[in-house]
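Student: After the sequence you'll find the predicted model.
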Amino acid sequence: MYLHSPTIKQPNKKKLIDNTSLIIFAFSVVFYSRIFCSITHAPSILNIAHFAIVPFVLVVVLLTSRSKDHKQIAIAYSFLLGIFIFLVAVLASALWNNTGLINVIVSFMMLVEPFMFLLAIVCIPMSAKSVTRIKNWLIWSVLINFVLAAVQKPLIDAGKLYANGFNGTDGCGGVFFVSGAGNYVSASVSVVFALYFFTNQKTFPLWMRIVAIIAAFWQILFSDSKQIVLAYLIAWVLLILVNSKDFGKTIKLLSAIALFGYGFLWCVQNLKAFAAFTSWARPELYGPDGYAWYTKFYSVRSILSYYQSPLDWLFGLGPGHTVSRLGVWFLRDYWSILEPLGATTNPISQEAMEFCGNSWLCSGSTLFMPIFGWAGIWGDLGLLGVGAYLFLGYLAWQYFSLDDALKITSLAVFVMGFIFTQMEEPGFMLSIALILGLAWQERQLKKKIQTVRRGKEFPSYQLPITNSL
């Protein structure tokens with residue numbers, strides 16, 4: 001019996017542009033399009049160029065990648081199957097509701113694009129040089145996003161920077177300036193990266209990793225993105241439930257959340273910077289007939305009122321026909337382009353926006369917005385669409401939630417789906433996809449290096465053979 005050491009494939013130098021550069025390019029188009037259009041006054045259609053670029057990059061990677069790693073191949077087939085199942089769900093909903101084809105395309109891309117991007121990253125047999133290139137680009141991109149958000153806040157408050165109708169906190173969106181709730185997207189990217197950087201990049205000094213955590217939390221405070229804290233706290237609790245069979249880890253997680261909770265409560269009660277968190281502390285809103293529940297589930301009641309058949313539960317009311325990001329904002333913002341292509345709408349979307357505009361609670365916090373990710377997926381695509389999307393989420397969890405920090409981030413995305421529309425925000429979701437894929441590639445590279453070193457230390461003819469009974 002012989003055990004041969006794997007070799008790390010060198011990149012093909014004959015290519016005009018390598019796959020790693022394509023990944024960086026696709027990420028940059030998504031990440032920087034908002035700030036680019038804001039600064040240069042370029043056509044807003046550039047904000048959606050990534051809908052064509054990301055699938056193109058995936059096709060190129062699938063056709064040119066020569067990976068022989070069985071795990072990479074298995075992941076690729078699993079995700080392609082998941083993407084196909086979701087496409088079937090979207091098409092079924094569109095056929096049932098006589099929805100425009102352009103609705104199908106945009107809805108499909110909005111929700112599946114992050115998984116396409118993640119698949120493209122994973123299918124590349126990366127060298128250490130490629131991993132380092134992507135990591136450095138990610139670090140600089142996150143740093144630029146943070147610095148821009150920190151600079152925008154005082155400039156907007158002083159009236160020196162026009163935020164297009166948004167207040168000082170909503171306007172400080174970093175590279176996502178200017179967009180609705182850009183502050184949440186910008187701060188969420190900083191938090192996701194800070195957790196990854198702190199737990200997975202231990203070659204960097206500890207003080208630097210701690211500074212990243214502090215900076216991300218500071219951005220939550222000055223951008224008033226407090227829903228992120230709630231999402232991560234709930235995700236932490238869910239992680240405890242996931243690890244309930246591991247008694248030792250459960251105790252550690254419980255102890256950590258207890259210490260954090262106590263410290264955070266003290267800050268809320270004693271520090272002015274945390275005063276915004278007290279806006280949720282109104283018990284009268286949360287009773288059985290509380291206005292909070294009435295507001296949050298307005299869309300659910302509205303969608304159910306439009307049901308005309310039991311099959312509507314299965315197929316929904318059609319892509320872009322309810323409270324998804326496509327239905328509420330995208331069709332409105334790009335109607336001049338989409339209408340000639342056969343786009344269709346439903347009154348539910350406009351009714352939800354009007355309700356939010358007339359609700360003082362919605363105006364005060366997006367936590368109570370009836371427009372949120374899971375309501376949009378369920379309303380548009382029905383239970384079939386929800387199941388198909390959860391299957392893709394399960395695959396991402398199964399293959400890429402490699403440690404507790406990445407697991408918490410994955411669970412936080414699930415929780416954010418009940419708060420607002422972050423699950424349909426390309427800049428946020430593709431940033432997470434890049435971090436998950438990068439962490440996976442780093443782990444794979446370490447395994448290959450360890451195997452190569454072990455092969456040199458113990459040549460194949462000397463490797464011990466272990467017989468198991």
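Tutor: Thanks, I have the structure now. These figures come from a predicted structure and were not determined experimentally.
Student: hey, which helix or strand in the protein has the poorest pLDDT?
Tutor: Least confident helix or strand of the chain, by mean pLDDT, DSSP states H and E, is helix 168-171 with a mean of 60.
Student: got any ranges where the stretch 151-300 of the chain has weak pLDDT?
Tutor: The stretch 151-300 of the chain contains residues with pLDDT under 70 at 162-171, 180.
Student: Contacts for whatever helix or strand residue 221 lives in, please.
Tutor: Element membership for residue 221 (DSSP states H and E) is helix 206-222. For helix 206-222, the surrounding residues in contact (C-beta atoms under 8 Å, 6 or more residues apart in numbering) are 146, 149-150, 153, 169, 172, 186-187, 190-191, 193-195, 197-198, 201-202, 225-226, 228-229, 273-274, 276. Placement of C-beta: from N, CA and C, glycine included.
Student: from those, which would you call buried?
Tutor: 146, 149-150, 153, 169, 172, 186-187, 190-191, 193-195, 197-198, 201, 225-226, 228-229, 274, 276 (16 or more other C-beta atoms under 10 Å).
Student: Show me those residues that map onto helices.
Tutor: 146, 149-150, 153, 169, 186-187, 190-191, 193-195, 197-198, 228-229 (DSSP state H).
Student: Next up, the contacts around residue 317.
Tutor: Going by C-beta under 8 Å, 6+ apart, residue 317 touches 93, 97, 303, 306, 307, 346, 348, 379, 380, 382.
Student: Contacts only, for the fifth one.
Tutor: Taking C-beta under 8 Å, 6+ apart as the criterion, residue 307 is in contact with 313, 317.
Student: element containing it?
Tutor: Per DSSP H and E, there is no helix or strand for residue 307.
Student: In the stretch 201-350 of the chain, what residue spans correspond to helices?
Tutor: Counting by DSSP state H, counting those that start in this stretch, one finds helices in the stretch 201-350 of the chain at the ranges 206-222, 227-242, 247-270, 291-296, 298-305, 312-315, 325, 331-333, 335-338, 347-358.
Student: right, so those: which one is the most enclosed?
Tutor: Mean neighbour count (mean count of other C-beta atoms under 10 Å) peaks for helix 325 among the helices of the stretch 201-350 of the chain, with a mean of 25.
Student: Let me see the mean pLDDT of it.
Tutor: Averaging pLDDT along helix 325 yields 93.
Student: Centre of the chain to that helix, how far?
Tutor: 14 Å (C-alpha atoms, centre = their mean, to the nearest Å).
Student: what packs against that helix?
Tutor: Helices and strands touching helix 325, as assessed by 3 or more C-beta pairs under 8 Å, 6 or more residues apart in numbering; DSSP states H and E, are absent.
Student: tell me the contacts of the nearest residue to residue 285 once chain neighbours are set aside?
Tutor: What sits nearest to residue 285 in space, not counting adjacent residues and going by C-beta to C-beta, 6 or more residues apart in numbering, is residue 292, at 4.0 Å. Counting by C-beta under 8 Å, 6+ apart, residue 292 makes contact with 285, 286, 361, 368.
Student: give the contact list for the first one.
Tutor: In other words, residue 285. 291, 292, 361.
Student: Can you identify each of the helices in the stretch 51-200 of the chain by residue range?
Tutor: 70-97, 101-122, 128-157, 168-171, 182-200.
Student: quick one: which of these is nearest residue 252?
Tutor: Of all the helices of the stretch 51-200 of the chain, helix 182-200 sits nearest to residue 252, with 13.9 Å by C-beta to C-beta.
Student: how far does that closest one sit from the chain's center?
Tutor: 11 Å.
Student: on that earlier part again, can you redo the contacts of residue 285 as TSV with distance to residue 39?
Tutor: Shown next, in TSV, are these (distance: C-beta to C-beta, whole Å):
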residue	distance to residue 39
291	41
292	39
361	35
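Student: And those residues, which is closest to residue 27?
Tutor: residue 361 (36.2 Å).
Student: With residue 286 as the reference, measure out to that closest one.
Tutor: 12 Å (C-beta to C-beta, to the nearest Å).
Student: who has more neighbours, those two?
Tutor: residue 361 (17 against 11; other C-beta atoms under 10 Å).
Student: so the more buried one, which of the three states?
Tutor: State at residue 361, reduced to three classes by DSSP: H, G, I helix; E, B strand; the rest coil: helix.
Student: Helix, strand or coil: sort out residue 443 for me.
Tutor: helix.
Student: In this structure it contacts residue 400, no?
Tutor: No - using C-beta atoms under 8 Å, residue 443 is not in contact with residue 400; the gap is 9.7 Å.
Student: Between those two, point out the one with more neighbours.
Tutor: Taking other C-beta under 10 Å, residue 443 and residue 400 do not tie; residue 400 has more neighbours (23 against 14).
Student: From what I see, that one and residue 441 are in contact.
Tutor: No - using C-beta under 8 Å, residue 400 makes no contact with residue 441, being 10.3 Å away.
Student: on that earlier part again, how much does the helix holding residue 221 deviate in direction from helix 182-200?
Tutor: Following axes from the mean of the first three to the mean of the last three C-alpha atoms, to 10 degrees, one obtains 160 degrees for the angle between helix 206-222 and helix 182-200.
Student: Pull the distance from helix 206-222 to the chain's centre.
Tutor: For helix 206-222, the distance to the chain centre is 20 Å (C-alpha atoms, centre = their mean).
Student: Over to stretch 283-303?
Tutor: 26 Å.
Student: Quick check: end-to-end length of it?
Tutor: End-to-end distance for stretch 283-303, by C-alpha to C-alpha, to the nearest Å: 28 Å.
Student: Check stretch 238-256 too.
Tutor: Stretch 238-256 has an end-to-end distance of 14 Å (criterion: C-alpha to C-alpha).
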